[in-house]
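Chemist: From the sequence below, what's the structure:
(one chain, ligands or ions: 1)
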Amino acid sequence: MATVLVVEDDPFVRSALIRHLSECGHAVRSVGTALEALREVAQVGCDLVILDLGLPDLDGSEALKMIRGLTDVPVIISTARDDEAEIVRLLNDGADDYLVKPFSGEHLTARMTAVLRRLGGGMAPTAKILRVGGLAIDAQRREAMLDGRPLDLTRREFDLLAFLASRPGVVVPRREILAEVWRQTYGGDQTIDVHLSWLRRKLGETASNPRYLYTVRGVGVRLEAPVPAGPEQRP
Ligand code: CA
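Modeler: The predicted structure follows:
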């Protein structure tokens, strides 16, 4: 069960969403404008936002940016516009997933469950801490430490690090990274590279002198614990 904020100006869609979510046992609040949504997110908070793109006061993409300025709460975009370029832009702007109207309640539930599971909150909490070498990643609290010091990561950097750390020592294909971290099924090599380089800087390493993050050209990315220094520890 999660507390869901429905941002939707169409009364029919809105009441259908509220009914479905309530039947699934979620607590639901709903608003019809972007400004009300921002107020709700800032003052009350929730576990997940379902955001209609066509709102009367602000364009949904502006609303998304403003929500992202306030909080990391997961946002699922609900749109009548099946415009691939726009959807990619929204995902890059921090949307967690999207649904093209009309969508079924079951489809919504499936997307919500996936988003909340991925973020380690809401319906499927995981308390475990991933440890790889000096890295400790707490998926539930969304905190990462390196050698006992907290890392100041953006949301995507955290998701990328946590996903790679969930499979240490394995070369994770780029398409899987895209699908899992960005919810995209194509493109995005540059996006991954940019985030990797930011992440490397925060981990104090470079592509040419890696400690944790290894790019395997044409294949993917591997995260593994650094080899301990000193000749006596080498095989
Ligand atoms: Ca609308």
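Chemist: So the residue positioned nearest the centre of the chain versus the ion, what's the distance?
Modeler: Centroid check for the chain by CA atoms, centre = their mean gives Asp96 as the closest residue, at 5.1 Å. Distance, Asp96 to the ion, using CB to the ion, to the nearest Å: 19 Å. (Glycine included, C-beta is placed from N, CA and C.)
Chemist: tell me which residues form a beta bridge with the closest residue to the ion within the chain?
Modeler: The ion sits closest to Gly54 of the chain, with a gap of 3.6 Å, by CB to the ion. Beta bridges link Gly54 to Asp59, judged by DSSP bridges.
Chemist: Neighbours of it, how many?
Modeler: Neighbour count for Gly54, taken as other CB atoms under 10 Å: 14.
Chemist: before we move on, what about Cys24?
Modeler: 18.
Chemist: Let's see the pLDDT reported for the residue lying closest to it once chain neighbours are set aside.
Modeler: Sequence neighbours aside, Thr109 is the residue nearest to Cys24 in space, at 6.0 Å (criterion: CB to CB, 6 or more residues apart in numbering). Looking at Thr109, its pLDDT reads 91.
Chemist: Kindly report the same for Pro125.
Modeler: For Pro125, pLDDT reads 41.
Chemist: nearest spatial neighbour of Leu35, skipping sequence neighbours?
Modeler: Nearest-residue entry for Leu35: Asp57, 5.6 Å, with adjacent residues in sequence omitted and distances by CB to CB, 6+ apart.
Chemist: For stretch 80-98, which outside residues touch it?
Modeler: Here stretch 80-98 makes contact (CB atoms under 8 Å, 6 or more residues apart in numbering) with 51, 53-54, 60-61, 64-65, 68, 74-79, 100-101, 111, 114-115, 118-119, 155, 182-184, 187, 191.
Chemist: What subset of those residues is buried?
Modeler: 51, 53, 60-61, 64, 74-79, 111, 114-115, 118-119, 182-184, 191 (16 or more other CB atoms under 10 Å).
Chemist: give the contact list for Leu130.
Modeler: 136-137, 139, 162, 165-166.
Chemist: Which of the residues you listed scores worst on pLDDT?
Modeler: Ala139 (79).
Chemist: That one contacts Phe163, correct?
Modeler: No. Ala139 lies out of contact with Phe163 (CB atoms under 8 Å); the separation is 9.8 Å.
Chemist: So between those two, which is more surrounded?
Modeler: Higher neighbour count among Ala139 and Phe163: Ala139, with 23 against 20, using other CB under 10 Å.
Chemist: tell me the pLDDT at Gly230?
Modeler: 57.
Chemist: Where does pLDDT dip in this protein?
Modeler: Filtered on pLDDT under 70, the chain yields the residue ranges 120-127, 229-235.
Chemist: Return the residues of it in contact with the ion.
Modeler: 9, 52, 54 (CB under 5 Å from the ion).
Chemist: quick check, nearest of these to Leu223?
Modeler: Asp52 (37.2 Å; CB to CB).
Chemist: quick one: contacts for that closest one?
Modeler: Going by CB under 8 Å, 6+ apart, the list of residues near Asp52 reads 7-10, 13, 60, 78-79.
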